[in-house]
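Enquirer: Sequence isn't available, so here's the structure alone:
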């Protein structure tokens with residue numbers, strides 16, 4: 001951010017890492033030549049809580065969001081500014097997410113990458129991870145947040161819903177006739193690397209969040225959410241069928257245990273997400 005060609009008017013840092021870490025982080029911040037910034041230590045945990053806290057304190061007209069495991073491109077802010085300047089009718093902009101320094105991370109997996117090449121304007125609700133992008137690289141007009149509300153604090157990392165607070169925000173904007181721009185020139189590098197087992201565990205969180213988000217819209221009667229919920233249910237049914245077959249086929253114990261546990265955990269995660277979506281709808 002410091003190296004960005006377009007200097008931010010205001011930088012809001014919400015720190016949920018605890019008192020000891022906050023003291024250390026304050027000292028780190030003082031050593032850098034930062035533009036005007038606001039530092040907010042927060043005892044409450046949850047990504048949506050952090051974002052909403054930042055929104056309440058920020059005074060700009062455009063809210064640009066990234067995460068603590070991301071490195072923004074040096075033209076990130078200028079790409080955001082140009083997006084809203086050129087497309088006056090859009091309420092939000094999402095960008096491209098590259099994995100960071102892949103050559104040093106052999107055998108590991110970087111989640112939440114989004115590499116669509118073509119710029120597009122999204123006008124109708126759709127599957128966010130195919131057509132829109134992720135919350136670690138997004139910017140939203142403050143006026144749109146004032147009109148539609150902030151992030152749902154029961155969604156997102158650290159919440160009961162685990163994930164998909166960015167998906168819910170995008171769908172809510174689209175449901176309310178707002179337009180979203182996907183701009184591949186708006187680039188962020190995601191520096192989070194997982195082993196195969198860690199990625200498998202992370203997928204349980206994604207499965208819960210996806211069903212919580214789309215289930216939330218499904219139970220309110222929105223047609224766009226039906227195919228997503230149906231696809232998840234059908235895939236879970238196939239997994240349960242697979243579990244049934246595995247129980248009657250002789251395999252090495254370790255292999256059978258891992259396969260059954262994985263499929264069952266996906267099923268339980270989706271079931272939990274669907275229940276959460278139903279409750280909050």
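Expert: It's in. These numbers were taken from a predicted model, which means no experiment stands behind them.

Enquirer: for the residue nearest to residue 226 when sequence neighbours are not counted, what are its contacts?
Expert: With sequence-adjacent residues excluded and distances taken as Cβ to Cβ, 6 or more residues apart in numbering, residue 226 is closest to residue 218, at 6.1 Å. (Each C-beta comes from the backbone N, C-alpha and C, glycine too.) Neighbour list for residue 218: 225, 226, 228, 229, 277, 281 [criterion: Cβ atoms under 8 Å, 6 or more residues apart in numbering].

Enquirer: Export those as TSV, with columns for distance to residue 265.
Expert: Shown next, in TSV, are the contacts of residue 218 (distance: Cβ to Cβ, whole Å):
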residue	distance to residue 265
225	23
226	25
228	20
229	19
277	19
281	24
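
Enquirer: which among these gets closest to residue 213?
Expert: Nearest to residue 213 among those, counting by Cβ to Cβ, is residue 277 at 6.9 Å.

Enquirer: Doesn't that closest one belong to a helix?
Expert: Yes. Checked against DSSP: H, G, I helix; E, B strand; the rest coil, residue 277 lies within a helix.

Enquirer: what's the pLDDT at it?
Expert: Note for residue 277: predicted pLDDT of 97.

Enquirer: residue contacts, it?
Expert: Contacts of residue 277 (Cβ under 8 Å, 6+ apart): 211, 212, 213, 214, 215, 216, 217, 218, 219.

Enquirer: Okay, and which of those map to helices?
Expert: Of the contacts of residue 277, the ones assigned to helices by DSSP state H are 211, 212, 213, 214, 215, 216, 217, 218.

Enquirer: in the stretch 51-200 of the chain, which spans are helices?
Expert: 76-86, 128-131, 142-148, 165-175, 196-218 (DSSP state H, counting those that start in this stretch).

Enquirer: Work out the gap between the strand ranked longest in the chain and the centre of the chain.
Expert: Counting residues, the longest strand found in the chain (DSSP state E) is strand 180-190. Distance, stretch centre to chain centre, for strand 180-190: 13 Å (Cα atoms, centre = their mean, to the nearest Å).

Enquirer: Closest one to residue 100 out of the ones in helices among the contacts of residue 277, please.
Expert: Within the ones in helices among the contacts of residue 277, distances to residue 100 taken as Cβ to Cβ reach their minimum at residue 213, with 26.2 Å.

Enquirer: Pull up the gap between the closest one and residue 46, please.
Expert: 15 Å (Cβ to Cβ, to the nearest Å).

Enquirer: Who has more neighbours out of these two?
Expert: For residue 213 versus residue 46, neighbours defined as other Cβ atoms under 10 Å are more numerous around residue 213 (31 against 22).

Enquirer: got the contact list for the more buried one?
Expert: Taking Cβ under 8 Å, 6+ apart, one finds 155, 161, 163, 164, 167, 168, 171, 273, 277 in contact with residue 213.

Enquirer: Next, the fourth one: phi, psi?
Expert: Note on residue 164: backbone dihedrals following degrees, to the nearest 10 are phi 70, psi 20.
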